[in-house]
Structures are given as structure tokens and as C-alpha cells.
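Visitor: Here you go, sequence then predicted model.
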Amino acid sequence: MSDKEPMVVSVNISEKTGEKKRNVTCCLAVEEHGLENDAHAGDWHRQISLLAVESIDKIRLSGLDVWPGDFAENLTTQGVDLVSLPLGTRLRVGSDVLLEVTQIGKECHKPCAIYYQAGDCVMPKEGIFTRVLKGGKVEVGDSIEIEADE
């Protein structure tokens, strides 16, 4: 954890895969599907992706002009060490949405379109993927809580 309040700083969707996402500020997370109208939503284990703004800031410090959504993440977060979360961890986003961590990072066999657009990509090492256990509205400013095991 960092000294920043764990929260959502950007809610991002795109119409096509392999492109940067745009911040829509607020969106509906659909149970067992993902973010409404997002190209990555569907019946699979990577319904909503998360990337920490701290990871984006590291890339910015290296001189690249990148922003939340540029790495095709759905939720840009702050204050949560995402890559340290074990698989199966449940995250409460706002008051309604419940996500379960299903994958840490991803394998890229070759540089993806995001790499070429942004100049680098941190998703393979620092992004995480979740499925939606309970849907609801997710918006910028929502708190993020790690749920205790029951």
C-alpha cells in the first residue's frame, strides 16, 4: 500500500481491442461480463483490467507522454500495490462492485499496438485482471478495499 487513499482515478473503455481507452468517468460493471460497452468485456477471466497510476507515473518519469487509459486498462487505481495481490483476492470498488483477481500481468509475444502508440507498456508486468462477481456503478473517486477472506 502507498500513502495515498486507495481509489479509482480513471474509468476507461474502448470500442476495439488493441487501442488506448478513454476515461468515461462512470460506467456500469456487469456481473460476469465486464464494463458495459468495453471491447474486452465478455465471458472470460479478464473482464476488467486494473493498472496503478503509480506504474504510469514511472513511465512518465522516463520521458513518455502517457496517461490513464493509454495502456488499455479499464480502471486506473491509486494507493493499491496491485501486483502483490494473490490470485483470488477480492476487491470492493465503491459500494456495490466486487471483483476477483484472476491474473497478474500478461504475456506479450511481440510488442502490442499499445507499445507502439505509447512507446512502452507496463501491463505485462504491472497490470492485473479481474472478473466481476457483483456488478454495479463504478466511477472516478470510488474507494477500493481489499476484502478479508471469509
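Guide: Looks like it came in fine. Residues are numbered from 1 along each chain as shown.
Visitor: What helices and strands are in contact with the helix of greatest length in the chain?
Guide: Longest helix of the chain, by residue count under DSSP state H: helix 53-61. On a contact count with 3 or more Cβ pairs under 8 Å, 6 or more residues apart in numbering; DSSP states H and E, helix 53-61 meets strand 75-78. Backbone N, C-alpha and C define where each C-beta goes, glycine included.
Visitor: Just the residues contacting the strand it packs on, thanks.
Guide: 2, 4-12, 48-54, 56, 68-69, 93, 138, 144 (Cβ atoms under 8 Å, 6 or more residues apart in numbering).
Visitor: Using PDB, write out every CA atom in that strand.
Guide: Extracted in PDB, the C-alpha atoms of strand 75-78 (Å, rounded to 0.1, in the frame of the first residue of the first chain):
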ATOM      1  CA  LEU A  75      -9.600   1.000 -14.100                       C
ATOM      2  CA  THR A  76      -6.600   3.200 -13.200                       C
ATOM      3  CA  THR A  77      -6.100   3.000  -9.500                       C
ATOM      4  CA  GLN A  78      -4.000   4.700  -6.800                       C
END
